[in-house]
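S.K.: Sequence first, then the predicted structure:
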Amino acid sequence: MLLDPDAENDVAYELCQIVGRAILPYSRGEDDRDGAGTAFFFRTGSGEYLLTADALTGATLGELGLRGSVTEPAGVAPDSVAVAGGATGWVCQPGSGVAILPTTGLHRQARDGGWAWRTQPVADVIAADGDVIGRIDATPGSAFVLAHGVREDGSRPLEVAIERVVRADDEVRITTTLPAGYVGAPVFGVQADADGALTLHCLGLVLPGTDGGHQVATFDEIRAALPPAGAGTD
């Protein structure tokens, strides 16, 4: 569904309130803009995961940046935490483009350091199912990408890009090239339900750019790639 500009701005603001603390900057640990992306927390009824694009992960350690608002108590957590690559870290399903990390280790790392996570994970209830994804067609709809971009000074602020999403060649795609740091970020859209009310959905996450846009790894595929047992916060 394509919203008018005022409604788009309202949705963008609301998203920052309800899931802003789910979104964190992620980096392969390399000193280049291509290695910078975004990761986000996703919670199902059986567990919690960190999600990003597998193009950002590999066999070496990555770095997950922390903001003061996502940890407690104040001033205890470091500026970033290391995320293992290879067999002990991200789970990557070939062909999905998605990297998945159960968060047990992240919560243990926090406890060992005397702090705790204070996040707003994207909830399973707003993650799009196959029916929602199937309703996306060639007509452009409003899309909202929450990401940590990369500024010229190297800073990584939380940003919202209001874009367009379509189905093209049987792929769900963002129609423009996004700035550095946006790969791995969650993509949200709005559809009308049977009563005409607007419903917000997380459609999936941004994959690396191709052909002037970005494919979206959709949540129906992401769910199928999740490890069988999620991780809790205990």
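M.R.: Sure, I can see it.
S.K.: and the helix or strand of the chain with the lowest mean pLDDT, which strands flank it?
M.R.: One helix or strand of the chain scores below all others by mean pLDDT, DSSP states H and E: strand 91-92, with a mean of 86. Strand 91-92 pairs in its sheet with strand 98-102 (antiparallel), by DSSP bridges.
S.K.: List the buried residues for whichever helix or strand comes after the strand it pairs with?
M.R.: Later in the chain than strand 98-102, the nearest helix or strand by DSSP states H and E is helix 104-112. Buried residues in helix 104-112, counted by 16 or more other C-beta atoms under 10 Å: T104, G105, L106, H107, Q109, A110. Heads up, the C-betas are built off the backbone N, CA and C, glycines and all.
S.K.: So which elements touch helix 104-112?
M.R.: strand 80-83, strand 116-117 (3 or more C-beta pairs under 8 Å, 6 or more residues apart in numbering; DSSP states H and E).
S.K.: and of the ones you listed, who's closest to F42?
M.R.: strand 116-117 (13.6 Å; C-beta to C-beta).
S.K.: now the closest one: mean pLDDT?
M.R.: Across strand 116-117, the average pLDDT comes to 97.
S.K.: distance between the helix or strand following it and the chain's centre?
M.R.: Toward the C-terminus, strand 116-117 is succeeded by strand 122-123 as the next helix or strand (DSSP H and E). With C-alpha atoms, centre = their mean, to the nearest Å as the basis, strand 122-123 stands 10 Å off its chain's centre.
S.K.: what's next to strand 122-123, contact-wise?
M.R.: V19, A22, F40, F41, F42, R43, P186, C202 (C-beta atoms under 8 Å, 6 or more residues apart in numbering).
S.K.: Can you flag which of those residues belong to helices?
M.R.: V19 (DSSP state H).
S.K.: My guess is Y182 contacts P208. True?
M.R.: No. Applying C-beta atoms under 8 Å as the test, Y182 and P208 come out as separate, 9.9 Å apart.
S.K.: Quickly list what's touching both of these two.
M.R.: With contacts taken as C-beta under 8 Å, 6+ apart, the residues that reach both Y182 and P208 are H214.
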